[in-house]
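# Pasting the sequence and the predicted model now:
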Amino acid sequence: MTPSKTNEPRLASSVPASPSAQPEANPAKTDRKRILVVDDQVNITRLLKLNLEQTNLYLVRTENDARAALAAAKEFQPHLILLDVMMPGMDGGRLAAQFQASPELKSVPIIFLTATVTHDEVLQRGGLVGGLPFLAKPVNLAEVLRCLRQHLR
Amino acid sequence: MREMKRAGDPRRLGEAPLEAILDYSPAIIHLKDLQGRYLLINRRFEELFKVQRRQTLGKTAHDLFPLGTANALRNHDQQVLASQAPLEFEEVLPLDGQPHTYISVKFPLLDARGVPYATCGISTDITERKQAEQALKAAVDQLKASHEQLQAVQLQLIQAAKLESLGKLAATVAHEVKNPLQSILMGLDYLERNLPAANPQLPLVLTDMRNAVERANLIVRELMQLSAPTDFQMKDEDLNALVQRCLWLMNCEVIASQTTLVQNLAPDLPPVKLDWRKMEQVLINLFINALQAMSQGGVLTVTTRLARLENLLPLTGATFPQFSAQDPLVTLEVQDTGTGIAEADLPRIFDPFFTTKPPGVGTGLGLSVVKNIVDLHGGAIHIRNAPPQGALVTLILKARKDKHYDPKQNQ
């Protein structure tokens, strides 16, 4: 993959804004770790997907509608979920509770990616807020990758 | 009517009415010669000071009253003789062992040539009025103090309300701004790894954009710190240890700025209840400000000391209603030798987004955050220009009241 050839086509075709229209590869046919990104901000999920998939380590599904995230997760069977907190329709806390109540998702690690905490707060608490892993927005890719590696062990 | 007309005829009255006036007057009336000897006293004088007219005439005030009182009376008489005009005095005279206050009108009596030969005094007891005045003054003073206290509390409430609304605004702004920042940052990460090699300027542009994101994020973070000082962990701490820790953290900056550091830390400071991390933030902020004010190098002087409220007024020229005279206080002074702060800017120095630094250097929130943290510690912060040059920041905190603490001895 050469960047000059892939930039625009990838944005236009492989990362559509609407979650329902996402043409995902069959998760079972790849050894890349599957990451479900749930955030109501379309551009955030799109850019996260672009960046994470470019590492060739992850296969990313994005979901911008929190109410549809449970069904998406059951279908996608992620290894890890990156979850926003403040979303219309359903907040990240309630959604996390639904994931944990689901037998097929309860062991899937969840990392909250949110603007509701600060870098300092996360840093002071060793990356955990209320015992749960958090990333404070805005976070760069290196930090996201480090956190993913840590929680996918 | 006829009787009244007869009584009202001055030719028929003679000397009797004058004597009656003297004897029935509720005021004390007396006449003294130039040496202060009584020539005449009225009945009221006799009654009040329990003396006989016959034995009193020819005596002086020194024969009747204690020395201090007599000296004061003699002095007043001499003033009247010197001025040759009526004068009014407030005099304190003993009555049944109790001091009574009189308002005395004294005037000279002149002979045909206009030369004074005696002084006359008419004194009215105003003790009750005086006591009422003093009570009223005390009440007014108390009312004034209460009013000042009320104003201070009101200001604090207004400030708290401002901070509360600012806090709500900050939380909303933080969320709304951080999400676009996240997108930009992720976009930059992607672009950096997918840059066409042809244009060498592009990495620089991306670096500028990344710096801009970091700056915007810093502003949001500081704005949030203004509003969310909730989880304070207050413990008894050693302020000197905190100062030394922060100076150690700042060591590289101090060396890089070619600044000479002077520490005057008072030994045996009593512990101060504070949140170590928050107060560390305050001190580092103050030290950074001081270093930035001395871009060409200079002297940074850090002083801690014990203080009392009465010491702070001459030091700062400000009043601090949050402290009482009994509070043991510790102060931390951070003095630089920079250019100082324009006097017109001083009242706004703690306002959010107000900065005296060059564009891009400060967010204008640092001192607002500092003041907020200090306020929430029940402390105070004061900034002024200090001769010969530079700014002096005084941080004041309540110390723990030790059993053996005596601020008079520990200054």
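Sure thing, it's come through. Numbers count the residues shown, from 1 in each chain, chains lettered A, B, ... in the order given.

# Can you give me the neighbour number for residue B:135?
Under the neighbour criterion other C-beta atoms under 10 Å in any protein chain shown, residue B:135 is assigned a count of 10. (Each C-beta comes from the backbone N, C-alpha and C, glycine too.)

# Please disregard the earlier target; I meant residue B:334.
Each residue near residue B:334 was counted by other C-beta under 10 Å, and the total is 21.

# got any ranges where the chain has weak pLDDT?
I went with chain A, as the question did not name one. Within chain A, the ranges that satisfy pLDDT under 70 run A:1-30.

# could you do chain B instead?
B:1-14, B:156, B:159-167, B:225-231, B:314-317, B:352-354, B:356-364, B:402-411.

# In contact with residue B:398, which residues?
Under the criterion of C-beta atoms under 8 Å, 6 or more residues apart in numbering or on different chains, the contact list for residue B:398 reads B:272, B:273, B:323, B:327, B:328, B:329, B:378, B:379.

# ok now do the last one, which residues does it touch?
By C-beta under 8 Å, 6+ apart, residue B:379 lies in contact with B:322, B:395, B:396, B:397, B:398.

# can you check the fourth one too?
Contact criterion C-beta under 8 Å, 6+ apart gives B:308, B:309, B:398, B:399, B:401 as the residues in contact with residue B:327.

# do that again at 6 Å, thanks
Remark: with contacts taken as C-beta atoms under 6 Å, 6 or more residues apart in numbering or on different chains, residue B:327 is in contact with residue B:398.

# any idea how far it is from residue B:307?
Here the criterion is C-beta to C-beta, to the nearest Å. By it, residue B:327 lies 10 Å from residue B:307.

# Reformat the contacts of residue B:379 as JSON lines; add secondary structure.
Below are those laid out as JSON lines (DSSP: H, G, I helix; E, B strand; the rest coil):
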{"residue": "B:322", "secondary structure": "coil"}
{"residue": "B:395", "secondary structure": "strand"}
{"residue": "B:396", "secondary structure": "strand"}
{"residue": "B:397", "secondary structure": "strand"}
{"residue": "B:398", "secondary structure": "strand"}
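
# Is residue B:295 within a helix or a strand, and which one?
When secondary structure is defined using DSSP states H and E, no element contains residue B:295, which sits outside every helix and strand.

# That one: neighbouring residues, count only.
When neighbours are counted by other C-beta under 10 Å, residue B:295 comes out with 13.

# Give me the residue at the spatial middle of the chain.
Answering for chain A, as no chain was given. What sits nearest the mean C-alpha location of chain A, by C-alpha atoms, centre = their mean, is residue A:37, with 2.3 Å.

# sorry, should have said chain B
The residue at the geometric middle of chain B, judged as the C-alpha nearest the mean C-alpha position with C-alpha atoms, centre = their mean, is residue B:319 (3.2 Å).

# Go through stretch A:136-145 and flag the buried ones.
Applying a neighbour-count criterion of 16 or more other C-beta atoms under 10 Å in any protein chain shown, the buried positions in stretch A:136-145 are A:136, A:137, A:138, A:139, A:140, A:141, A:143, A:144, A:145.

# I'd like the distance between the fifth one and residue B:224.
Using C-beta to C-beta, one obtains 19 Å as the distance from residue A:140 to residue B:224.

# May I have the helix or strand harbouring the residue nearest to the centre of chain A as PDB, with CA atoms only?
Using DSSP H and E, residue A:37 maps to strand A:33-38. The C-alpha trace of strand A:33-38 is given here as PDB (Å, rounded to 0.1, in the frame of the first residue of the first chain):
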ATOM      1  CA  LYS A  33      -7.400  -7.800  16.200                       C
ATOM      2  CA  ARG A  34     -10.900  -6.500  15.900                       C
ATOM      3  CA  ILE A  35     -11.600  -3.200  17.400                       C
ATOM      4  CA  LEU A  36     -15.100  -1.700  17.700                       C
ATOM      5  CA  VAL A  37     -15.000   2.100  18.000                       C
ATOM      6  CA  VAL A  38     -18.200   3.700  19.300                       C
END
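
# Not counting that strand itself, show me its contacts.
Counting contacts by C-beta under 6 Å, 6+ apart, the residues outside strand A:33-38 that touch it are A:27, A:45, A:48, A:58-63, A:69, A:73, A:76, A:78-83, A:152.

# Tell me how chain B divides into domains.
Domain assignment of chain B by automatic domain parsing yields the ranges B:2-125, B:153-227, B:234-410.

# my read: residue B:320 touches residue B:380, true?
Yes - taking contacts as C-beta atoms under 6 Å, residue B:320 lies within contact range of residue B:380: 4.9 Å.

# Give me every residue in chain B lying close to chain A.
By C-beta under 6 Å from any C-beta of the partner chain, the residues of chain B that approach chain A are B:175, B:178-179, B:181-183, B:185-187, B:189-190, B:194, B:196, B:217, B:221.

# Just the buried ones out of the residues you listed, please.
Applying 16+ other C-beta under 10 Å to the residues of chain B next to chain A flags B:175, B:178-179, B:181-183, B:185-187, B:189-190, B:194, B:217, B:221 as buried.

# Out of the residues you listed, which sit inside helices?
By the criterion of DSSP state H, membership of these in helices covers B:175, B:178-179, B:181-183, B:185-187, B:189-190, B:217, B:221.

# Now tabulate the residues you listed in a markdown table and tack on distance to residue B:55.
Output for these, formatted as a markdown table (distance: C-beta to C-beta, whole Å):
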| residue | distance to residue B:55 |
| --- | --- |
| B:175 | 97 |
| B:178 | 99 |
| B:179 | 103 |
| B:181 | 101 |
| B:182 | 105 |
| B:183 | 108 |
| B:185 | 106 |
| B:186 | 110 |
| B:187 | 112 |
| B:189 | 112 |
| B:190 | 116 |
| B:217 | 97 |
| B:221 | 92 |
